[in-house]
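Participant: below are the sequence and a predicted model for it; my questions follow.
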Protein chains: 2
Amino acid sequence: MKSIKFINLRKECKIKFDNLLKIANELGIDIDAPCGGREACGKCRIVVLSGQECLSPIKDSEIKFLSKDEIEYGYRLSCCVNIVKEGEIVLEIPAESLLGIQRILIKGLEPAIKLKPEVNKIFLRIKKPDLKDLRAHTERIAETLREKGIKVNKFSYTVLLNLPEVVKNSNWEITLAIKNEEVIALEAYDEADKLFGIAFDIGTTKIVGYLVNLKDGNNLASYSLINPQISKGGDVITRISYAMKDKDKLEEMHQLLISAINEIVGKLCKKARLKREDILDMVVVGNTAMHHFFFNISPIPVGLSPYTAVVGREIEVKAKDLRIEINPEAYIYSPPNVAGFVGADAIADILASEIYKKDELSLLVDIGTNVEIICGNKDGLQACSTPAGPALEGAEITFGMRAVRGAIERVWINPEDMSVKYKVIGNEKVKGICGSGIISAISEMLKVGLIDNTGKINYENNRIKKVNNEYALVIAYKDETSIGKDVLITQQDIRKIQLAKAAVYTGITLSLRHLGLNFSDIKSMYVAGSFGNYIDPLSAKIIGMYPDIPLQNIKLLGNAAGTGARLLLKSSELKKEVKEIIKKTKYFLLGHEESFQKEFIDSLYLPHKDLDLFPTIKRLTLLSG
Amino acid sequence: MKSIKFINLRKECKIKFDNLLKIANELGIDIDAPCGGREACGKCRIVVLSGQECLSPIKDSEIKFLSKDEIEYGYRLSCCVNIVKEGEIVLEIPAESLLGIQRILIKGLEPAIKLKPEVNKIFLRIKKPDLKDLRAHTERIAETLREKGIKVNKFSYTVLLNLPEVVKNSNWEITLAIKNEEVIALEAYDEADKLFGIAFDIGTTKIVGYLVNLKDGNNLASYSLINPQISKGGDVITRISYAMKDKDKLEEMHQLLISAINEIVGKLCKKARLKREDILDMVVVGNTAMHHFFFNISPIPVGLSPYTAVVGREIEVKAKDLRIEINPEAYIYSPPNVAGFVGADAIADILASEIYKKDELSLLVDIGTNVEIICGNKDGLQACSTPAGPALEGAEITFGMRAVRGAIERVWINPEDMSVKYKVIGNEKVKGICGSGIISAISEMLKVGLIDNTGKINYENNRIKKVNNEYALVIAYKDETSIGKDVLITQQDIRKIQLAKAAVYTGITLSLRHLGLNFSDIKSMYVAGSFGNYIDPLSAKIIGMYPDIPLQNIKLLGNAAGTGARLLLKSSELKKEVKEIIKKTKYFLLGHEESFQKEFIDSLYLPHKDLDLFPTIKRLTLLSG
């Protein structure tokens, strides 16, 4: 469970005095509400942590679905809650309320930007041709635009094809969509107030699409699908190897993405009651491999040493060229890839976090299947990456599982009797442990001395079992689980997490070294990525994955890549800023750095060999340096 | 037979001391030479009118194929003749030597321009990626180009698709084709000296393609096909009516053009041993209806009052968007249409004639199925059109036929005994009369008094016959023909030619009036169009189709539209000039002018009601005003 602050309910925000379910939807948080907000299913549960005074009182329909304890704890049904007063409201969206089985943050907080989409629409009444005015259709339109101070230098081809029929049927009352002095779409009559764009974050695991109203900047709907390439391999390297077999395989991988995206477009259009042609602009972001697969560009160089990207600049391609089923003349834009393993999604993260604008030093960590680390400020950014994701996401762990119902997501160990408490997603019987649960468990084990700072299990405890010749901590006993056996964290599991967290920490250390700076210089840390947002920051600090900076300076961005993609749709100015960002971002290949080995080994310790780097943790865990 | 001056054999021309068959081929004149220039068939006959001293002496192989009389008259076989000295050579290409059944001028004279194609190629050796240089492929290339002072801001999509494989196979030695800062093509190794473009003139009757070497400006080959749309109607209006039936019909008409053009591309590539992808630039010109059909834009507004074009500005579309089988990322450019009946081909005519650059007043008449009339100078141009073509081309005439073998193309009448002599294309038995033959015949009839200045046949002559209740002149008696009957010119035929020539002359008159000028102000008259170039200018003056200006000021441009299209391929500067031309060209709808009716009726006279407008003709024909 994570808190989501609706900070944009302050003065500058347009969403005021409205229903919470509607707001969540506009923010792109898909809260499970099978009845569609008719107060009839009781599924859209939220927890109000603060700001109760801004909300409407409890309704009878809520009392019907919520227990007395729950109401006391702050539970509400979001469909029943209206905001009645301005103020800061802090909410928790419980995992069980999030739509879909897998918990993936669909929406993060967006920085406020000036709405300035690259596509605009204009309605025109045009003088009809007659014997005294024989101008061609195009000139008639161009000259009417010129009178309004709008310059056009190109009519896209599909527009020319439709032009004679549309003007005939509409009696020369038409709406044009214009992007960069090109007329890209044409409609009969006045449709100028309908202007829509779509943003995509193509993750290795999941593809999320966001439909945006470009007239007011509101997010209309979002929808996600598991990346269908997953059938060809869970990670990027396996998929590149698959695509290397032959040209057909590359085409197949490309087609899988295109089909999934077209399916999402269809769902979003249905949700918002739009035609596909109404979507006039599109932004995609993804890691370098996903980016290349999407554009059907061979990602083979990404998978072979020295792991370079083929395309390191922005791409803009017409939808028709990629068979993306939106308006055929709409442009699909992707920001540049930084390098083979720091893709266009990292640029979107940078935009969403705004670290490239700030004077102060910021650290940005996007934790997905791959972990990208970016460090710097307006004067320059250092980027690197590590494939630490799978262990952190639970994939390589004995009882590891994705963050779905039945997964332990949080662990508490009582230092008195070493008894274990845990929280399961969906309040079901235990099936396994997800990544945030493992990190939580290891940090607790360290705190109570069940492991030492090398990660070695202290086996003199009745909670510790020996299984297959290695020690393991029993988190849940057989009878508490739905799988008929004890759910354990083994010595091997701990070693794997140590390797992963050490890689992340080493990345941060070396980034700072490239900048000639220290941990104490970091003023803010931004955590992005679906998985990163479910990790408890304190646990991550205790095991030494995050540096020891004050908790209040660690900011959860949600799915920052998706946020960045939406920002690019909403503001053409940001495309110019992207050109600046790519210029000031330096990449280094983490594993090939000279000091990598030593730093990595020191970082394997919990939290680190040099405890002085973690002063607050040292106090908390009673570890001695 | 028309004379073609090889004026470009002067100093500034690169073609020197070369073989005439080769030169003709480079100029795009397809001389019939079945043996392929091996001096074995005797078909490539030409007549040398002056400049014999510049040519190699008669060879034995010529003596084998040519009669003594012919040799004395100046006949040579072009495959046997080498130019051995610089100078001005004037040749006649007899109709029977021109390739194909129908005589259509494939090539006209080209003004000298500075070669500056919009597409250029460059060969690059690029530093390979290594662990110390992790730049993306695109940045590696862009930076190498930047070092050479070449800016690139886009890689076209197909280039990105091929990039990883091409650099891998060629060890990073690549050739790029760049157009307007966009990389449009990519090849392995050094292919920088291969740079080709293709120009098309899409006529209502015939489609001609020209393959041009953009490295040296030479015309490599040309090829033509009958416009396959002819099966849906001979003229533009019938075809538009056909396309109006439904959307499928428009698509069908479009597809007919695309297929024919792709066939021509194939033939030209085979001739020049190129791959289709080697063609990196394309220009098309055509009348407004052909232009719209080619781009698949409905030409319906062209066919309905007030007869306007849909597109009145230049179009640039990727070859892949039109399924034209050249390099998929090559651009296809068309200059703008002036109006519904003065198309992009007229802009090409204007470029070829260079009238838009001159101080002096020029008149440009393009006689095809439609007749376009353009009048003016660098300060402004007046354009109008008339559908007078069919009669002038023989289509609406009793024994009319196209200018193919068996057609009478020239007539002489002896004023003493009214005996008729004629010249038949291909020296075959008579089948009928082509347009130039009819104009020649009517002018001779007027000269000898067989018709009066109203066009009425003076029937008191044994050469005049009464057939179906109307008088007619026998041009060829039954036994001279291959059709088993007398070939005649009837009173009706003469009336039809009068209507057609009056429309042309009225167009010229009203154009001048729009400019506030008179006939005496015309310094040059340019005749363009396949058919126009076969009309004898004196005959055209005698019947009053051309104004009475000195013969030496009437210049035959050949297929000026094709020439203009090639010029646009060779010089990107001309595209800027096109924008200026379209701005300074005013169009008027001839038939809707107030004074049209009176002018037209006066122009029905032969040559005109007001004989003072034709002082030299008045003298020549002994007509009295």
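Facilitator: That came in fine, so what should we check first?
Participant: write out the residues of the stretch 201-350 of chain A neighbouring chain B.
Facilitator: For the stretch 201-350 of chain A, the residues in contact with chain B under the definition Cβ under 8 Å from any Cβ of the partner chain are A:295-298, A:300-301, A:305-313, A:315-317, A:321, A:336-337, A:339-340. The way it works is simple: take the backbone N, C-alpha and C, and place the C-beta from them, glycine included.
Participant: out of the residues you listed, which are inside helices?
Facilitator: Helix and strand membership here follows DSSP state H; of those, those in helices are A:F295, A:I300, A:P301, A:D321.
Participant: format those residues as TSV; extra columns: pLDDT and neighbour count.
Facilitator: Formatted as TSV, the entries for those read as follows, by pLDDT from 0 to 100; neighbours: other Cβ atoms under 10 Å in any protein chain shown:
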residue	pLDDT	neighbour count
A:F295	96	23
A:I300	94	17
A:P301	94	24
A:D321	93	18
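Participant: for those, which one is nearest A:K598?
Facilitator: When those are compared for distance to A:K598 (Cβ to Cβ), A:P301 wins out at 30.0 Å.
Participant: closest residue of the stretch 201-350 of chain A to chain B?
Facilitator: The nearest approach of the stretch 201-350 of chain A to chain B comes at A:G312, 2.6 Å away (Cβ to the nearest Cβ).
Participant: chain neighbours aside, what residue packs nearest to that residue?
Facilitator: In space, not counting the residues next to it along the chain, A:G312 is nearest to B:A136; the distance is 2.6 Å by Cβ to Cβ, 6 or more residues apart in numbering or on different chains.
Participant: domain assignment for chain A?
Facilitator: Under the assignment automatic domain parsing, the domains of chain A span A:2-97, A:119-188, A:356-390+A:498-621.
Participant: got JSON lines for those, with mean neighbour count and mean pLDDT too?
Facilitator: Written out in JSON lines, the entries for the domains of chain A read as follows (neighbours: other Cβ atoms under 10 Å in any protein chain shown; pLDDT from 0 to 100):
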{"stretch": "domain A:2-97", "mean neighbour count": "17", "mean pLDDT": "71"}
{"stretch": "domain A:119-188", "mean neighbour count": "18", "mean pLDDT": "95"}
{"stretch": "domain A:356-390+A:498-621", "mean neighbour count": "21", "mean pLDDT": "92"}
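Participant: for B:N82, find the nearest of the ones you listed.
Facilitator: Across the domains of chain A (criterion: Cβ to Cβ), the nearest stretch is domain A:119-188, sitting at 49.1 Å.
Participant: now, which of the ones in helices among the residues of the stretch 201-350 of chain A next to chain B sits nearest B:E143?
Facilitator: Distance from B:E143 was checked for each of those by Cβ to Cβ. The minimum falls on A:P301, at 16.8 Å.
Participant: distance between stretch A:146-156 and the chain's centre?
Facilitator: Distance, stretch centre to chain centre, for stretch A:146-156: 38 Å (Cα atoms, centre = their mean, to the nearest Å).
Participant: other residues contacting that stretch?
Facilitator: By Cβ atoms under 8 Å, 6 or more residues apart in numbering or on different chains, the residues outside stretch A:146-156 that reach it are A:122, A:124, A:138, A:141-142, A:145, A:163, A:178, A:181-185, A:329, B:311, B:313, B:316.
Participant: and with 7 Å instead?
Facilitator: Contacting residues not belonging to stretch A:146-156 are listed as A:I122, A:T138, A:A142, A:L145, A:I178, A:E181, A:E182, A:V183, A:I184, A:E329 [Cβ atoms under 7 Å, 6 or more residues apart in numbering or on different chains].
Participant: after the host helix or strand of the fourth one comes which helix or strand?
Facilitator: It stands for A:L145. Under the assignment given by DSSP states H and E, the secondary-structure element containing A:L145 is helix A:137-147. Read in the C-terminal direction, the helix or strand following helix A:137-147 is strand A:154-155, with elements assigned using DSSP H and E.
Participant: dead centre of chain A: give me the residue that sits there.
Facilitator: Central residue check for chain A by Cα atoms, centre = their mean: the C-alpha nearest the mean position is that of A:N559, 2.0 Å away.
Participant: touching, that residue and A:G203? I think so.
Facilitator: No: with contacts counted by Cβ atoms under 7 Å, A:N559 stays clear of A:G203, the gap being 8.7 Å.
Participant: what angle do the helix or strand hosting A:L163 and helix A:137-147 make?
Facilitator: Using DSSP H and E, A:L163 maps to helix A:157-169. Using axes from the mean of the first three to the mean of the last three Cα atoms, to 10 degrees, one finds that helix A:157-169 and helix A:137-147 are set 90 degrees apart in direction.
Participant: please put the alpha-carbon coordinates of helix A:157-169 into PDB.
Facilitator: What follows is the C-alpha trace of helix A:157-169 in PDB, where atoms were taken according to Å, rounded to 0.1, in the frame of the first residue of the first chain:
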ATOM      1  CA  TYR A 157      -1.900  13.200 -48.300                       C
ATOM      2  CA  THR A 158      -5.000  11.700 -46.700                       C
ATOM      3  CA  VAL A 159      -6.400  15.200 -46.200                       C
ATOM      4  CA  LEU A 160      -6.100  15.800 -50.000                       C
ATOM      5  CA  LEU A 161      -7.800  12.500 -50.700                       C
ATOM      6  CA  ASN A 162     -10.800  13.500 -48.500                       C
ATOM      7  CA  LEU A 163     -10.900  17.100 -49.300                       C
ATOM      8  CA  PRO A 164     -13.400  17.300 -52.300                       C
ATOM      9  CA  GLU A 165     -16.000  15.100 -50.500                       C
ATOM     10  CA  VAL A 166     -15.700  16.700 -47.100                       C
ATOM     11  CA  VAL A 167     -16.200  20.300 -48.400                       C
ATOM     12  CA  LYS A 168     -19.000  19.200 -50.700                       C
ATOM     13  CA  ASN A 169     -20.900  17.400 -47.800                       C
END
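Participant: which strands and helices lie in contact with the following helix or strand past it?
Facilitator: Following the chain from helix A:157-169 toward its C-terminal end, the next helix or strand by DSSP H and E is strand A:173-179. Contacts defined by 3 or more Cβ pairs under 7 Å, 6 or more residues apart in numbering or on different chains; DSSP states H and E place strand A:173-179 against strand A:119-125, strand A:182-188.
Participant: so what touches strand A:173-179?
Facilitator: Contacts of strand A:173-179 with the rest of the structure, by Cβ under 7 Å, 6+ apart, involve A:118-126, A:150, A:152, A:166-167, A:183-192, A:280, A:331.
Participant: flag every residue of the stretch 501-625 of chain A that's near chain B.
Facilitator: Within the stretch 501-625 of chain A, the positions adjacent to chain B are A:Y587, A:L589, A:H592 by Cβ under 7 Å from any Cβ of the partner chain.
Participant: can you name the residue of the stretch 101-250 of chain A nearest chain B?
Facilitator: Proximity to chain B, evaluated over the stretch 101-250 of chain A using Cβ to the nearest Cβ, is greatest for A:A136 at 2.7 Å.
Participant: can I assume that residue is in contact with B:T308?
Facilitator: Yes: in this structure, A:A136 sits in contact with B:T308. The criterion is Cβ under 7 Å, and the distance is 5.8 Å.
Participant: between these two, what contacts are shared?
Facilitator: With Cβ under 7 Å, 6+ apart applied, the contact sets of A:A136 and B:T308 do not overlap.
Participant: any idea how far the residue lying closest to A:L450 once chain neighbours are set aside is from B:V166?
Facilitator: Spatially, and ignoring its direct neighbours in sequence, A:L450 is nearest to A:N458 (5.7 Å; Cβ to Cβ, 6+ apart). Between A:N458 and B:V166 the computed distance is 59 Å (Cβ to Cβ, to the nearest Å).
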